[in-house]
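Participant: Here is a sequence with its predicted model. Questions after.
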Amino acid sequence: MMTASRKLSSFRLPPFPTVGEIIKLYNLRAEKQLSQNFLLDLRLTDKIVRQAGCLRDAHVCEVGPGPGGLTRSILNSGAKDVLVVEKDTRFIPGLKLLSEAAPGRLRIVHGDILSYRMDRGFPETISKPWEGDPPNLHLIGNLPFSVSTPLIIKWLESMANRTGPFVFGRTRLTLTFQKEVAERLTASTGSKQRSRLSIMAQYLCTVHNCFTIPGRAFVPKPKVDVGVVHFTPLVQPQIQHPFKLVEKVIRNVFQFRRKHCYKGVEKLFPEASRVKLTQEMLQSADVDPTLRPTELTIPQFRALADAYAHLCTHEPSLFNYEYRVELQMKPLTRQRNKPEDTYIMDELTKAK
């Protein structure tokens, strides 16, 4: 029987130029406008890959492989099928060299991950029932800062709808973010970092902030450190409503994150019915209007979503109402402490 070290060595790539040599060979530079930062230390890329769990014989989609540092670690971990999606043409030749070193194990897609149909990238045979164990499919990426937040929101929506990489089941994600974003994703109730992103991620997933990589480990060195975050979709989301409805409630509540939560709730409704419906929604949800958004628990957001969904059932046009659209149509001059705000607070206080 082979020892563990011999099994591991069997996956190692043959002698091959280092990531640094690839960068020099193809004269690659990280583009500042694309917020690219290379991670050249293979000990760190190995550490990121270990957070994904056992990748032996796994299918992996890597997002934005760049010069291929993380790709090497994924291949060396024993993954049998690695699909990399890279938008930047400059990195394709180096990735092709990697593909030649790992015949039949590395596929390259030259495209944008925001539009790539990942549900078509892997065989249906790897699918697992949503209620069962996660499939042997992993989504891994050292994400450019400029796309990390839009990407995770896109994937959370796909998760809620069981589309994209989640047609195969509860696909796990291991991704890098700016340290501040990583802290927001995992922030607990009452934390200063608690945000819209915290609720969106945590109502759908188990989210774990794995470790922090110092900025000096990257080339060029970013101004911030980087957090590695692991996501495992929940069998049952903590809020049972369509993603867009949940997102709208959370987004509105957090648009005034330092004020009382009723300030955000009232912006869900047209001005003509704002006072009445705000009072009705908060009463139905049994949520204290003077709590700050950061103080609300996920069960309280669930109650708010339930109450809002109930109102939308009786008046479907409410769901299409957007306060910001209405605001753009009004004059720019705004008064602070408007009589309407005072009246709403008085009514809510009476109701409590």
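Facilitator: Yep, that arrived. Numbering: from 1, shown residues only.

Participant: Can you give me the pLDDT of residue 22?
Facilitator: Predicted confidence (pLDDT) for residue 22: 64.

Participant: Over to the one 5 residues further on?
Facilitator: Looking at residue 27, its pLDDT stands at 58.

Participant: ok, now the one 4 residues further on?
Facilitator: With respect to pLDDT, residue 31 scores 56.

Participant: Just checking the distance from stretch 114-132 to the centre of its chain.
Facilitator: 18 Å (Cα atoms, centre = their mean, to the nearest Å).

Participant: Only C-alpha atoms, please: export it in PDB.
Facilitator: Output in PDB follows, covering the C-alpha atoms of stretch 114-132 (Å, rounded to 0.1, in the frame of the first residue of the first chain):
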ATOM      1  CA  LEU A 114     -20.200  36.800 -14.900                       C
ATOM      2  CA  SER A 115     -21.700  35.500 -18.100                       C
ATOM      3  CA  TYR A 116     -20.300  31.900 -18.300                       C
ATOM      4  CA  ARG A 117     -22.900  29.100 -18.100                       C
ATOM      5  CA  MET A 118     -21.200  27.000 -15.400                       C
ATOM      6  CA  ASP A 119     -24.200  24.600 -15.500                       C
ATOM      7  CA  ARG A 120     -22.900  23.400 -18.900                       C
ATOM      8  CA  GLY A 121     -19.300  23.000 -17.800                       C
ATOM      9  CA  PHE A 122     -19.600  19.700 -15.900                       C
ATOM     10  CA  PRO A 123     -21.400  16.300 -16.500                       C
ATOM     11  CA  GLU A 124     -24.800  15.700 -15.000                       C
ATOM     12  CA  THR A 125     -23.500  12.500 -13.500                       C
ATOM     13  CA  ILE A 126     -21.800  14.500 -10.700                       C
ATOM     14  CA  SER A 127     -25.100  15.800  -9.400                       C
ATOM     15  CA  LYS A 128     -26.300  15.100  -5.900                       C
ATOM     16  CA  PRO A 129     -29.800  15.700  -4.400                       C
ATOM     17  CA  TRP A 130     -30.000  19.100  -2.700                       C
ATOM     18  CA  GLU A 131     -31.000  17.400   0.600                       C
ATOM     19  CA  GLY A 132     -28.000  15.100   0.500                       C
END
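
Participant: Just the mean pLDDT for it, thanks.
Facilitator: pLDDT averaged over stretch 114-132 gives 95.

Participant: Return the set of buried residues in it.
Facilitator: Neighbour counts over stretch 114-132 (16 or more other Cβ atoms under 10 Å) mark 116, 118, 121, 122, 130 as buried. Where C-beta positions appear, they are placed from N, C-alpha and C, glycine not excepted.

Participant: same thing with stretch 146-166?
Facilitator: Buried residues in stretch 146-166 (16+ other Cβ under 10 Å): 147-149, 151-153, 155-160, 164-166.

Participant: Then stretch 235-244?
Facilitator: Applying 16+ other Cβ under 10 Å to stretch 235-244 flags 237, 238, 239, 241, 243 as buried.

Participant: Could you tell me which residues make contact with residue 74?
Facilitator: Applying Cβ atoms under 8 Å, 6 or more residues apart in numbering to residue 74 gives the contacts 49, 55, 60, 62, 82, 140.

Participant: measure the third one to residue 319 for me?
Facilitator: From residue 60 across to residue 319, the span is 38 Å (Cβ to Cβ, to the nearest Å).

Participant: where are the low-confidence patches of this structure?
Facilitator: Applying pLDDT under 70 to the chain flags residues 1-36, 328-352.

Participant: residue nearest the centroid of it?
Facilitator: residue 152 (2.2 Å; Cα atoms, centre = their mean).

Participant: what's near enough to touch that one?
Facilitator: 175, 177, 185, 197, 201.

Participant: Would you mind putting those into TSV with secondary structure, neighbour count and distance to residue 212 alongside?
Facilitator: Output for those, formatted as TSV (DSSP: H, G, I helix; E, B strand; the rest coil; neighbours: other Cβ atoms under 10 Å; distance: Cβ to Cβ, whole Å):
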residue	secondary structure	neighbour count	distance to residue 212
175	strand	25	14
177	strand	24	10
185	helix	25	13
197	helix	24	17
201	helix	23	18
